[in-house]
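Visitor: when you get a sec, could you give me coordinates for this:
(one chain, ligands or ions: 2)
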Amino acid sequence: MSSGMPTSSCTICAARKKTNRWSLDGTDSDMVVKKIVCVGAGYVGGPTCAVIASQCPDIQVTVVDMNAEKIRQWNSDELPIYEPDLDGIVKKCRGRNLFFSADVVTAIREAQLIFISVNTPTKTYGLGEGRAPDLKYVESVARTIAECAGGPKIVVEKSTVPVKAAQSIAQILYAAQRDNPRLSFQVLSNPEFLAEGTAISDLLKPDRVLIGGDQTAQGLAAIAELVSVYEHWVPRERIITTNTWSSELTKLVANALLAQRISSINAVSAICEATGADVREVAHAAGTDSRIGPKFLQASVGFGGSCFQKDVLNLVYLCESLNLKEAADYWMGVVNINNWQRRRFADKIICEMFNTLSEKRIAMFGFAFKKNTADTRYEPGSRESSSIYVAKHLLEESAHLCIYDPKVPADHMIAELSNVSGSARVAKQVFVCNDPYAAAKNAHAIVIMTEWDEFKELDYARLYASMMKPASLFDGRVMLDHNKLVDIGFYVHSIGVKCSRPQAHSVRGPN
Ligand SMILES: NC(=O)c1ccc[n+]([C@@H]2O[C@H](COP(=O)([O-])OP(=O)(O)OC[C@H]3O[C@@H](n4cnc5c(N)ncnc54)[C@H](O)[C@@H]3O)[C@@H](O)[C@H]2O)c1
Ligand SMILES: O=c1ccn([C@@H]2O[C@H](COP(=O)(O)OP(=O)(O)O[C@H]3O[C@H](CO)[C@@H](O)[C@H](O)[C@H]3O)[C@@H](O)[C@H]2O)c(=O)[nH]1
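Guide: Numbers count the residues shown, from 1 in each chain. Ligands and ions are numbered 1, 2, ... in the order given. All right, here's what the predicted structure looks like:
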């Protein structure tokens, strides 16, 4: 099916000319991609289609979802997700060439190109439980397309899937094609690399766009059609085309490599704490080697989000299925270190607070898995924030948690924590606060969980004054000026740096 070699742009152009564009069934046709539908109006589908619509005024883009409430929100002033700059783009294009609809069937029937952008969470049951991605949503979309396509379609898997998922989608579509000669399908892989919080800038200026497809004339023609969509705003040299399996595997590998860097620096952070080295200095000095680079070396409470853990586990499962035990163990180590780092941070809090948190009030600053997103893990099993796990450990120690996050809604936090700690415990021990000063009042410690910029600007002297003494601050993002905090009187503990304690004489007296 595929050559295994990246497809050159010339081959793609030639395929486009030779096949007279978009004549996947081999018939002459001058039909071009005029209508795109994206199935799945989530973090990927919504922003991606908003950007496509804004950059391709000649294309009509419809985003559909089986969740009618989500579609209602996309059509309202309150979008269902928070992303910087998303609002403006949606409002500019909505009703012009960007539409949100719950009518999946009509949109699929009318479009020439269909993005599948549905969720692919880790399986929570049966074979591959806890490792393999659950492809039930992808399969259900493939079946809907098979039922209602009505004509030739380019089907693009944008969801993150295991290698060979395109083959499963194709199998469903080709079965329909056999029964109906008017149908013809090409399945492409076009994984998404956007990160939450920077989705719009990532989409507008991607490092690369990756498109994989069959290395047949029809496959190359379909690739060329999708290339022509991205070429509206992405320089051609940034659009990489490969065979389908390389594209699918690259997505998993890219996330595994990024997650591996974080686990590497987090493992180093433990060595720093034990030796007196400073993880910030080590990361900076090591990262200045151009072969290593400075990015993704920020020590933290562990990576969170909907992708890293899920996709590394996906890769682990793939290795296991291929009987590559050593490779599976290697990648599993990335997840194990991440869980260890979360536990290590929670244990540090407990140990430094005299080994008991019973009845102690802890102010938790930040709940989102990273700044500039409100995303936690609202649908259980999908969005991992390290805050959830650290909070769970602290609640087990009978702490009272007062949580402040500038974006995550209170009901999301309560739902997340109830899911891991039980609603009775959460009702008794968790309080969501509207501002950080209220959260810190009478607290024994502040715990920084998310690197929101506003946490750098807080009046820490004011916070300190309102807290119980001795007052501790646990900087899980290594983001604050620790010397300044110590001068105020805080006992400062962080990750990968030594603990900073105030000198007895410099501690401000009780307020
Ligand atoms: N979130 C990210 O930052 C990110 C980035 C790159 C890739 N990805 C990948 O992209 C995919 C989508 O992720 P997401 O974060 O957008 O997920 P999401 O949960 O935010 O959105 C998925 C949407 O698909 C809808 N859906 C599911 N089955 C459907 C069906 N049969 N018909 C119609 N709608 C259906 C759901 O209702 C939901 O609204 C996943 O595979 C993910 O791994 C995510
Ligand atoms: O040096 C670092 C960098 C990140 N993180 C944490 O890692 C997690 C993930 O961060 P990031 O990668 O910025 O966000 P995601 O939205 O999860 O994006 C990742 O996952 C997406 C879904 O597959 C991919 O598309 C993106 O390319 C990939 O960066 C967050 O908890 C961050 O706080 C660190 O702890 N240290």
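Visitor: show me where pLDDT drops low in the stretch 51-200 of the chain?
Guide: By pLDDT under 70, the stretch 51-200 of the chain has no low-scoring segment.
Visitor: Leu322: neighbour count?
Guide: 11 (other CB atoms under 10 Å). (Glycine included, C-beta is placed from N, CA and C.)
Visitor: and what of Gly42?
Guide: With other CB under 10 Å as criterion, Gly42 counts 22.
Visitor: got a list of what it touches?
Guide: Contact partners of Gly42, counting by CB atoms under 8 Å, 6 or more residues apart in numbering, are Asp65, Lys70, Ile81, Ser117, Val118, Asn119.
Visitor: what about the first one, how many residues close to it?
Guide: It stands for Asp65. 23.
Visitor: find the helix or strand that the nearest residue to it once chain neighbours are set aside is a member of.
Guide: Nearest residue to Asp65, sequence neighbours excluded (CB to CB, 6 or more residues apart in numbering): Ala41, at 3.8 Å. Per DSSP states H and E, Ala41 falls between elements, in no helix or strand.
Visitor: re the thing from before, out of the contacts of Gly42, which two sit at the greatest distance?
Guide: For the contacts of Gly42, the farthest-apart pair by CB to CB is Ile81 and Val118; their separation is 15.1 Å.
Visitor: hang on, the earlier thing: ok, which of the contacts of Gly42 also contact ligand 1?
Guide: Contacts with ligand 1 are made by Asp65, Lys70, Ser117, Val118, Asn119 out of the contacts of Gly42, judged by CB under 6 Å from any ligand atom.
Visitor: about what we covered before: give me the neighbour count for the residue nearest to Asp65.
Guide: Per other CB under 10 Å, the neighbour tally for Ala41 reads 26.
Visitor: Asp459 versus that one, what's the distance?
Guide: Distance of Ala41 to Asp459, given as CB to CB, to the nearest Å: 40 Å.
Visitor: equivalent analysis for Pro47, please.
Guide: Applying CB to CB to Pro47 and Asp459 gives a distance of 35 Å.
Visitor: Lys158 now?
Guide: On the measure of CB to CB, Lys158 and Asp459 end up 44 Å apart.
Visitor: which helices and strands sit right next to the strand or helix carrying Ala415?
Guide: Ala415 belongs to helix 410-421 when assigned by DSSP H and E. Secondary-structure packing of helix 410-421 (3 or more CB pairs under 8 Å, 6 or more residues apart in numbering; DSSP states H and E): helix 386-396, helix 423-429, strand 430-432.
Visitor: how far does the longest one sit from the chain's center?
Guide: Its chain's average C-alpha position is 21 Å from that of helix 386-396, according to CA atoms, centre = their mean, to the nearest Å.
Visitor: please apply the same query to the shortest one.
Guide: Centroid separation for strand 430-432 versus its chain: 26 Å, with CA atoms, centre = their mean.
Visitor: by contact count, what packs against it?
Guide: strand 400-404, helix 410-421.
Visitor: do the longest one as well
Guide: When contacts are defined as 3+ CB pairs under 8 Å, 6+ apart, helix 386-396 packs onto helix 325-352, strand 361-365, strand 400-404, helix 410-421, helix 423-429.
Visitor: how about the longest one and ligand 2, touching?
Guide: Yep, that's helix 325-352 we're talking about. No: Helix 325-352 does not reach ligand 2 (CB under 6 Å from any ligand atom); its nearest approach is 9.0 Å.
Visitor: same question for that helix, mean pLDDT?
Guide: In this model, helix 325-352 has a mean pLDDT of 98.
Visitor: tell me the angle of that helix relative to strand 361-365?
Guide: Interaxial angle of helix 325-352 relative to strand 361-365 (axes from the mean of the first three to the mean of the last three CA atoms, to 10 degrees): 130 degrees.
Visitor: got it, and the third one?
Guide: Between strand 400-404 and strand 361-365, the angle formed by their directions is 20 degrees, by the same axes, to 10 degrees.
Visitor: same check, this time on the fourth one
Guide: Between helix 410-421 and strand 361-365, the angle comes out at 120 degrees (the same axes, to 10 degrees).
Visitor: before we move on, the earlier item: contacting residues for the residue nearest to Asp65?
Guide: For Ala41, the contact set (CB under 8 Å, 6+ apart) comprises Val63, Val64, Asp65, Asn67, Lys70, Ile71, Trp74, Pro80, Phe100.
Visitor: quick one: stretch 91-100 near ligand 1?
Guide: No: counting by CB under 6 Å from any ligand atom, ligand 1 is not contacted by stretch 91-100; separation bottoms out at 11.1 Å.
Visitor: which parts of that stretch are buried?
Guide: By neighbour count on 16 or more other CB atoms under 10 Å, the buried set for stretch 91-100 is Cys93, Asn97, Leu98, Phe99, Phe100.
Visitor: just the C-alphas of it, formatted as CSV.
Guide: Listed next in CSV are the C-alpha coordinates belonging to stretch 91-100 (Å, rounded to 0.1, in the frame of the first residue of the first chain):
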residue,chain,number,x,y,z
LYS,A,91,-17.4,35.5,15.9
LYS,A,92,-15.8,36.8,12.7
CYS,A,93,-16.6,33.6,10.7
ARG,A,94,-19.7,32.2,12.3
GLY,A,95,-22.7,32.4,10.0
ARG,A,96,-20.3,33.4,7.1
ASN,A,97,-18.5,30.2,6.3
LEU,A,98,-18.4,28.6,9.7
PHE,A,99,-21.4,26.7,11.0
PHE,A,100,-22.1,24.6,14.1
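Visitor: what about Ile362, distance to Ile211?
Guide: Distance from Ile362 to Ile211, by CB to CB: 48 Å.
Visitor: typed the wrong thing, it's Gly302
Guide: On the measure of CB to CB, Gly302 and Ile211 end up 33 Å apart.
Visitor: and those two? which has more neighbours close in?
Guide: Between Gly302 and Ile211, Gly302 has the larger neighbour count (other CB under 10 Å), namely 29 against 26.
Visitor: list the residues that contact the more buried one.
Guide: Taking CB under 8 Å, 6+ apart as the test, what Gly302 contacts is Ile262, Asn266, Asn338, Asn339, Gln341, Arg342, Phe345, Ser386, Tyr389.
Visitor: is it possible to mark the buried ones in these?
Guide: Ile262, Asn266, Asn338, Gln341, Arg342, Phe345, Ser386, Tyr389.
Visitor: circling back to that earlier point, in strands only, show me the contacts of Ala41.
Guide: Counting by DSSP state E, the members of the contacts of Ala41 that fall within strands are Val63, Val64, Phe100.
Visitor: against Cys56, how distant is the last one?
Guide: Going back to what we said before, that points to Phe100. Distance from Phe100 to Cys56, by CB to CB: 17 Å.
Visitor: same deal with the second one?
Guide: As for Val64, its distance to Cys56 is 18 Å (criterion: CB to CB).
Visitor: neighbour count winner among these two?
Guide: Neighbours were counted for Val64 and for Cys56 using other CB under 10 Å; Val64 has more, 26 against 21.
Visitor: let me have the ones next to ligand 1 among the contacts of Gly42 in JSON lines, extended by distance to Met449.
Guide: What follows is the ones next to ligand 1 among the contacts of Gly42, written out as JSON lines (distance: CB to CB, whole Å):
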{"residue": "Asp65", "distance to Met449": "30"}
{"residue": "Lys70", "distance to Met449": "27"}
{"residue": "Ser117", "distance to Met449": "29"}
{"residue": "Val118", "distance to Met449": "29"}
{"residue": "Asn119", "distance to Met449": "24"}
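Visitor: closest to Leu194 among the contacts of Ala41?
Guide: For the contacts of Ala41, the nearest to Leu194 is Val63 (15.2 Å; CB to CB).
Visitor: the closest one - how many residues pack around it?
Guide: Neighbours of Val63 (other CB under 10 Å): 29.
Visitor: now Ala68
Guide: Ala68 has 11 nearby residues by other CB under 10 Å.
Visitor: nearest residue to it other than its sequence neighbours?
Guide: Computed as CB to CB, 6+ apart, the closest residue to Ala68 that is not its neighbour in sequence is Ala102, at 4.4 Å.
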